[in-house]
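Colleague: fold the following.
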Amino acid sequence: MKTSKQYTIYNRQFFWLLLVYCLLFTGYCTAQQSKIDSLQNLLKTAKEDTNKVNLMISLAEQYFHTYSYADRNINAETALAWLNKSKTLSLNLSFHRGEVSYLIQYAWIISREYKQYKNALELLLTALDISDKYGFIDLKAKANHHIGFIYYELHQTQKAIEYYQKAYEQYLILKDTVGITDELKNNADMNFELGNKKSALEKGLACLEILKHIDINKNKTLQRTYEIELGNIGTYYAGIGDFKNGEQYILRSINYNKAIKTTDYYFWLIELGKVYMSMQKYDDAEKVFLESFHYADSVRNNGYWYDEIASTSSRLSNLYLRKGDYKNAHRFLSEMVIAKDSINAREKRNNLHETELQFYFNKKEQEASIKEKFTESEHQAEIKRRNIILWSVAGGFLLVFVFSVFIFRSYRQKQKANIIITQQKEEVEREKAEIEKQKEIIAEKNKDITDSINYAKRIQEAILPAKEIKYRIFPDAFVLFQPKDVVSGDFYWFTEKNGKRIIAAVDCTGHGVPGAFMSMIGNAFLNEIVNQRGITQPSEILSELRHNIIHSLKQKDKEGGTQDGMDIALLSFDDENNIAEFAGAHNPLLMCRKENGSYKMDEIPADKRPIGYYIGKGLPFTNQKINLHKGDTLYIFTDGYADQFGGPKGKKFKYKQFQELLLSIQNEPMLKQEAILLDTFNKWKGNLEQVDDVLVIGIRA
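Modeller: Below is the predicted model of the structure:
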C-alpha cells in the first residue's frame, strides 16, 4: 500500500509535468504560426507574377509540414487550397514551371496524407509530359523520384527501381550531389529487397565513394545519406556472406552517428547483432541487442520505438533460446508481445485517422467542384479564426493549470483521509481475510494457470506469421489451422528469401502447452536457418533443424535422454524457373494436376524419420524437385485431420478419404476449399472431442 508521502511525490510530479506541457504547447504553436504569417505578409505585397506563384507553393509546403494533430486535416486542406490558387495564377500567366510544381506538390500531399496513389500517379505522369516539353530536367527528376516512392508503397519494387534510375540519370545531368546520392541509395535498397545483393552492394559503394570526396558537414541531408549507406553496405556485405566487412561498415555507421550526436545508431546495433549471430559470436550479439533494447525501452512512450523493442526482443528471445536460457527467452518473448500489442493499437489508430482524412478529402473535392475560388478575404477570416482558436486553447490550458492547483490541494487532503479509513477497514477485515485466505489461494492458482495458458496463446499467435504477409507471399492459398487446446503443437511457417517463397507445416511432439513450447523452438530455429543464414534448399533446412533440435534438447542415445521432436513438410518455390522443391520428415506432399480433362493426385513421399534423435541420425533428408504446371495444387499437412474420430460409426476419417476429399474440390477457389474442409471436419467430428491439432495448407501454382 502506498504511503501519504508517496502520494505527495506523485502529485508534485504530475503538477510540474502539467505546467511544462502547457508552456511547451503554447510555444510550439506560436513558432509554427510565425513561419506561415511571414509568408502571408510577403503575399500581401506580391505582384501577380511568377514570384507570387512560388510564394503560394512555399506556403502550401509549410502548411503541409506543420503537423498540429488537432488540425492535421485542416492543414492538408489549406495546403491543397493554396496549390489550387497557384495553379490558377500559373495558367493565367502561362507559367508552365509553376504548373508542373503544382502537379508534383499536389500529388505528393494526396499520396502521403490521403493514400490517393492512383490520382497521384496520374498527376505526376502529366508533370513528366509537360517537363519533357519545356525541358524542366530538375522537375522531371523530382517527379520520377515521387513515382518511384509510390510504386515502392504499392509493393511494385521493380517499377520503383525503374523510376529511381530515371531520377538518378537526370540528377547526373544536373550535377546535383544530393539527388545523385539519394537515388543511388534508393536503387541499392530496392535491389537488395529483390535479392540482387551484388548489384545493391555496387550501388551502395558508388554512393559512398561520391560522399567521401565532398564536404558533408554543413548538409544534414548528405550526413543522413552517409550514415544510412554505411550501415546499408554492412547489411549488403552480410547478405552475400562477407560478415567481416559487414561488421566493419555497420560499426563505422554506429561511430559516425555517435559523432554527429544522433540516436539512429541504436537501429544499427540491431543489424550488428544479426551479423554477430551469423558469425556465431553470441556474446557480442547479446551485448549489442541488450544495448539497443535498453535504449528503446527508456523511450518506450515514443510510438516509433515500439518497433525497435519488438524487433530486439524477438532476437534476444531467439538468442537466449539457442543458449538454453529459457527464463530470459520467455522474458523477451513477453516484451515482444507487449510491444506488438502497442504497434497493433497504433496501426488501428492510424487506419482510423486515414479513413477520416479520406472522407474529409472526398468531401472537400466535392465542395471544390461547386466553389472553385478561395478569395483573399475568406482566407484572412480563416487565419483570424485559427488564431482565436489557438489562443483560446492556450488560455484554456492556463486556466486548467490554475484550477488544478486548488483541485490537487483538496485531492491530497482527501487521500490522507482515505488512507486512515483504509487502515481502519483493514483492521476490521483482517480476521475475515484469514478465513478466506485458503480459498483465495486456490482461486488464484486456478487463475494463474488459466492466465498462463491464455498468455502462451498470445505468444504463439504473435510468433505465427500474419495473414497479411501470407496473402502477399502466397496470394492463391489457404491455411486451415484448428488447435485441439488453447495453444497448439502444430504450427505453420512461411517466408520469402533470396527470391524463393518457402512454407512449412510442422507437427511437434504433443499438443497443448508442451507442444506449444516445442513450436516456439521450431519457429525460432527456422527463422535463424532461413532468414538469418540464407539457407533455402528444403533438405538442407531439415538437416540443420534436426541438428539444432538435438543440440538444444541435449538428446543422446542414453536412458533418460529426451526423444522429443517434430514431423514436417516443407516446400520452396522458385517462381523464376517454375520449380518447387520438397523435403519431408514423416509428412508427405500431395499434388493435384489436371490431365486429359480430369484431375489426378500424386503423393510425393517424405523420409521416414523425424526432426530429432533417431537411430539413423546420420542420414540426410531427400530433396525432391517438381516442375510445376499452371493450375497445379499442392497440399502439406499434419496428421490431425485424417486421425479425427467421427462419422456414423465413430471411426477415424483416414488418409485415403482425406485424399478423395481434396480431389473432389479441385474446381473450387482456394478459400472455398478451406471452407469445405473445415465444414467436413466439423460434421465428421460431431459431438466427439477433437483428438489432435489440425493443420492443412493448400497452394495453387
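
Colleague: following the helix or strand hosting I57, which helix or strand shows up next?
Modeller: According to DSSP states H and E, I57 maps onto helix 50-64. Per DSSP H and E, the first helix or strand lying C-terminal to helix 50-64 is helix 72-93.

Colleague: how far does the helix or strand that that following helix is followed by sit from its chain's centre?
Modeller: For helix 72-93, the succeeding helix or strand toward the C-terminus, using DSSP H and E, is helix 96-114. Centre-to-centre, helix 96-114 and its host chain are 28 Å apart (C-alpha atoms, centre = their mean, to the nearest Å).

Colleague: helices and strands around helix 96-114, which ones?
Modeller: helix 50-64, helix 72-93, helix 117-134, helix 137-153, helix 326-370 (3 or more C-beta pairs under 8 Å, 6 or more residues apart in numbering; DSSP states H and E). In this view, the C-beta of every residue, glycine as well, is placed from N, C-alpha and C.

Colleague: hey, C-alpha coordinates of it in PDB?
Modeller: Once side chains and other backbone atoms are set aside, the C-alpha atoms of helix 96-114 remain, and they are given as PDB (Å, rounded to 0.1, in the frame of the first residue of the first chain):
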ATOM      1  CA  HIS A  96       4.500  26.200 -67.100                       C
ATOM      2  CA  ARG A  97       7.100  25.700 -64.500                       C
ATOM      3  CA  GLY A  98       4.600  26.800 -61.800                       C
ATOM      4  CA  GLU A  99       2.000  24.400 -63.300                       C
ATOM      5  CA  VAL A 100       4.400  21.500 -63.000                       C
ATOM      6  CA  SER A 101       5.500  22.400 -59.500                       C
ATOM      7  CA  TYR A 102       1.800  22.500 -58.500                       C
ATOM      8  CA  LEU A 103       1.200  19.000 -60.000                       C
ATOM      9  CA  ILE A 104       4.200  17.500 -58.200                       C
ATOM     10  CA  GLN A 105       3.400  19.000 -54.800                       C
ATOM     11  CA  TYR A 106      -0.300  18.200 -55.100                       C
ATOM     12  CA  ALA A 107       0.500  14.600 -55.900                       C
ATOM     13  CA  TRP A 108       2.900  14.300 -53.000                       C
ATOM     14  CA  ILE A 109       0.300  15.600 -50.500                       C
ATOM     15  CA  ILE A 110      -2.600  13.300 -51.700                       C
ATOM     16  CA  SER A 111      -0.300  10.300 -51.800                       C
ATOM     17  CA  ARG A 112       1.300  10.800 -48.400                       C
ATOM     18  CA  GLU A 113      -1.800  12.100 -46.500                       C
ATOM     19  CA  TYR A 114      -4.800  10.500 -48.200                       C
END
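
Colleague: about what we covered before: so which of the helices and strands packed on helix 96-114 gets nearest H551?
Modeller: Closest of the helices and strands packed on helix 96-114 to H551 is helix 326-370, at 14.8 Å (criterion: C-beta to C-beta).

Colleague: burial count for D215?
Modeller: Neighbour count for D215, taken as other C-beta atoms under 10 Å: 8.

Colleague: ok, now the one 4 residues further on?
Modeller: For N219, the neighbour count with other C-beta under 10 Å is 14.

Colleague: can you check R112 too?
Modeller: Here the count is done by other C-beta under 10 Å, and R112 has 16 residues near it.

Colleague: cool, and the one 5 residues further on?
Modeller: Residues within reach of Y117, counting by other C-beta under 10 Å, total 15.

Colleague: rewinding a little: hey, which of the helices and strands packed on helix 96-114 is tucked in deepest?
Modeller: Of the helices and strands packed on helix 96-114, the one with the most neighbours on average (mean count of other C-beta atoms under 10 Å) is helix 137-153, at a mean of 22.

Colleague: just the CA atoms of that one, as PDB, please.
Modeller: Output of helix 137-153 as PDB, limited to C-alpha atoms (Å, rounded to 0.1, in the frame of the first residue of the first chain):
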ATOM      1  CA  ILE A 137      15.100  18.400 -66.000                       C
ATOM      2  CA  ASP A 138      15.100  19.200 -62.300                       C
ATOM      3  CA  LEU A 139      11.300  18.800 -62.000                       C
ATOM      4  CA  LYS A 140      11.400  15.600 -64.100                       C
ATOM      5  CA  ALA A 141      13.900  14.200 -61.600                       C
ATOM      6  CA  LYS A 142      11.700  15.200 -58.700                       C
ATOM      7  CA  ALA A 143       8.600  13.700 -60.300                       C
ATOM      8  CA  ASN A 144      10.400  10.400 -61.200                       C
ATOM      9  CA  HIS A 145      11.600  10.200 -57.600                       C
ATOM     10  CA  HIS A 146       8.000  10.600 -56.200                       C
ATOM     11  CA  ILE A 147       6.700   8.000 -58.700                       C
ATOM     12  CA  GLY A 148       9.400   5.600 -57.500                       C
ATOM     13  CA  PHE A 149       8.300   6.100 -53.900                       C
ATOM     14  CA  ILE A 150       4.600   5.400 -54.800                       C
ATOM     15  CA  TYR A 151       5.500   2.200 -56.600                       C
ATOM     16  CA  TYR A 152       7.500   1.200 -53.600                       C
ATOM     17  CA  GLU A 153       4.500   1.800 -51.300                       C
END
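
Colleague: so that helix versus helix 117-134, what angle?
Modeller: Angle between the axes of helix 137-153 and helix 117-134 is 160 degrees (criterion: axes from the mean of the first three to the mean of the last three C-alpha atoms, to 10 degrees).

Colleague: all set now, cheers.
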